[in-house]
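[1] From the sequence below, what's the structure:
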Amino acid sequence: MKTVAIESLTSLGHDLERPECVLCTARGDVYVADWRGGVTRIEPNGCQTLFAGPAPGNRPLKPNGIALRADGSFLVADLNLDTGGIFELRRDGQVRPLLEQVEGTPLPPTNFVLEDSSGRTWVTVSTRRVPRILGCRADCDDGFIVLIDRRGARIVADGLGYTNEVAIDRSGRWLYVNETFARRLSRFSLHESSDLGARETVTEFGHGTFPDGVALDTAGCAWITSIVSNRVIRVSPDGAQQVVLEDCDDDHLSWVEAAFAANALERQHLDRVRSRRLKNISSLAFCGPDLKTAVLGCLQGQTLEVFAVPVAGLPPVHWNY
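    Prediction:
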């Protein structure tokens, strides 16, 4: 697979605010988390609509991961400074809580949410540490995964190294998860009971890679987005890695790596990324009629970046919504 040239990227959208998570549908709509308090839809003709509303208590939502539901509403993982949870956001701006605590404990700032084809909802919390930046350490081991199903909500995996996005493979037998500051892609066997098996390491990442988003393709490979280094890495089922796209400054990356090695990573290291074009990419979704176009969400830009890929992505559960 050829490396994607920065010059070949095209932009989508405008005036977005922290468009961290991106979703695509067969009709050509692109939905993206927006820190103006909700989700922005970008239609094929470029028209944009912001669906937003306050959380209970009239506080603004801080959407990180989002999920599109069959009725057109959204699930939003709330990444507020001191609190989190999963909220349902309707297109008329109505917001209601879906999950604010698990096993008797309030959810910390919440990272990601995924609905699967069986109607289950998967939720990730990166860390319990306060402030949250203290989880951006190599020794972080308190991230967890919550499952909401007919049995209710419960923690099904714990002790993870800054839990980020999750994805379920085509067979429905494996749940993949990025552990950002443990620098690995892991997976769990997914049982018929919806319980998870033991964690398995798919691959570990090295210098400059902090895995955030994950999307799967039809060849069984995982596409990983790395914050800071602006890398897209395709990981084969055997764990082999290929850097498909990269946009980073070597000196800046060395500065971040030195801070990470010293357990001194702070917001300045994550928020001052130097690059030619990409603005701290965080997620990837496949789109287009053949699912051979990739769209990148990011933490710092106001647009999404787009490029062609030679292999189709797996259609997500919401593809035909």
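[2] When you work out contacts or count neighbours from here on, use the C-alpha atoms and nothing else.
    OK.
[3] secondary structure element for residue 11?
    strand 10-12 (DSSP states H and E).
[4] got a list of contacts for that strand?
    For strand 10-12, the external contacting residues (C-alpha atoms under 8 Å, 6 or more residues apart in numbering) are 46, 303, 304, 305, 306, 307.
[5] and the residues you listed as CSV, adding pLDDT?
    Output for those, formatted as CSV (pLDDT from 0 to 100):
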residue, pLDDT
46, 97
303, 98
304, 98
305, 98
306, 98
307, 98
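[6] Neighbour-wise, which one of those residues leads?
    Using other C-alpha atoms under 10 Å as the neighbour test, the contacts of strand 10-12 are led by residue 304, with 24 neighbours.
[7] quick one, what contacts that one?
    Counting by C-alpha under 8 Å, 6+ apart, residue 304 touches 11, 12, 13, 19, 295, 296, 297, 298.
[8] Which is the succeeding secondary structure element to the longest helix along the chain?
    Counting residues, the longest helix found in the chain (DSSP state H) is helix 250-261. Per DSSP H and E, helix 250-261 leads on to helix 267-271 as the next helix or strand towards the C-terminus.
[9] what about that following helix, average pLDDT?
    Helix 267-271 shows a mean pLDDT of 94 in the predicted model.
[10] Mind giving me the packing neighbours of whichever helix or strand comes after it?
    As assigned by DSSP H and E, the chain's next helix or strand after helix 267-271 is strand 281-287. In terms of contacts (3 or more C-alpha pairs under 8 Å, 6 or more residues apart in numbering; DSSP states H and E), strand 281-287 is packed against strand 22-24, strand 210-216, strand 222-227, strand 293-298.
[11] Tabulate those strands (TSV), appending mean pLDDT, mean neighbour count and distance to residue 193.
    Conversion of the helices and strands packed on strand 281-287 to TSV gives the following (pLDDT from 0 to 100; neighbours: other C-alpha atoms under 10 Å; distance: least, C-alpha to C-alpha, whole Å):
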stretch	mean pLDDT	mean neighbour count	distance to residue 193
strand 22-24	98	27	28
strand 210-216	98	27	23
strand 222-227	98	26	25
strand 293-298	98	25	33
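[12] could these be laid out in JSON lines, adding distance to residue 67?
    Below are the helices and strands packed on strand 281-287 laid out as JSON lines (distance: least, C-alpha to C-alpha, whole Å):
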{"stretch": "strand 22-24", "distance to residue 67": "8"}
{"stretch": "strand 210-216", "distance to residue 67": "14"}
{"stretch": "strand 222-227", "distance to residue 67": "18"}
{"stretch": "strand 293-298", "distance to residue 67": "14"}
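[13] what's the closest of these to residue 98?
    Closest of the helices and strands packed on strand 281-287 to residue 98 is strand 22-24, at 20.2 Å (criterion: C-alpha to C-alpha).
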